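**Student:** Okay, sequence plus prediction incoming.
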Amino acid sequence: MTKAYIISASVIMCCIASTSSAQNSLAANFTQLDHSCWQTQITPTEIDMHCFSLTHDKNLAMDVHKVRDVSGQLTYEGVTVINLKPQSGPATYAYYGSTGYVLPGTIEDKGYDLVFYEKSEERTTLLTTWHFTKDSYTTQPKNGKPRIYTKVAPVVNFGF
């Protein structure tokens, strides 16, 4: 009977550790982005920049997104608010674009990969996957070319 308790306790501890590390990798990925701006060239004439900040308790992340042409003129912007630690279920986000576009969704944590899903009343659809490395992150849209974002500047005067 003692062996059964030891085995049961081991299984429970394994599951707790597994759940805890999944939550930590989501927070670790956003901590890597925190207080930094990351950019990529999305077309020969446009630069896409994302600037991230986290709340002190790391429960929320904010991504301020700006697309500029080569002359520096702003062509599009948006803000994503991410709930990293919801009371239940996966992490959630809501993206608000400058054209009035609103996109709610969820994030599946897969260690060094975060999988973003668009959530509508009818269905949930894969939107993009972010892959993290030490010095960059790559976005891979469901339909489209991957984009590598590299750190270009600290976040100044905005965010949480």
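**Tutor:** Structure received.

**Student:** what residue ranges in the protein score low on pLDDT?
**Tutor:** 1-24, 158-160 (pLDDT under 70).

**Student:** ok, which stretches of it are strands?
**Tutor:** 36-43, 46-54, 60-69, 74-83, 91-97, 102-110, 113-119, 124-132, 136-141, 147-154 (DSSP state E).

**Student:** The second one: how far from the chain's middle?
**Tutor:** To tie it back to what came earlier, the one meant is strand 46-54. The chain centre lies 12 Å from the centre of strand 46-54; the measure is C-alpha atoms, centre = their mean, to the nearest Å.

**Student:** Please put the alpha-carbon coordinates of that strand into CSV.
**Tutor:** Output of strand 46-54 as CSV, limited to C-alpha atoms (Å, rounded to 0.1, in the frame of the first residue of the first chain):
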residue,chain,number,x,y,z
GLU,A,46,7.6,48.8,-44.8
ILE,A,47,9.0,48.1,-41.4
ASP,A,48,7.0,46.3,-38.7
MET,A,49,7.9,47.1,-35.1
HIS,A,50,6.4,45.6,-31.9
CYS,A,51,7.2,47.1,-28.5
PHE,A,52,6.3,44.9,-25.4
SER,A,53,5.8,45.6,-21.8
LEU,A,54,4.6,43.5,-18.8
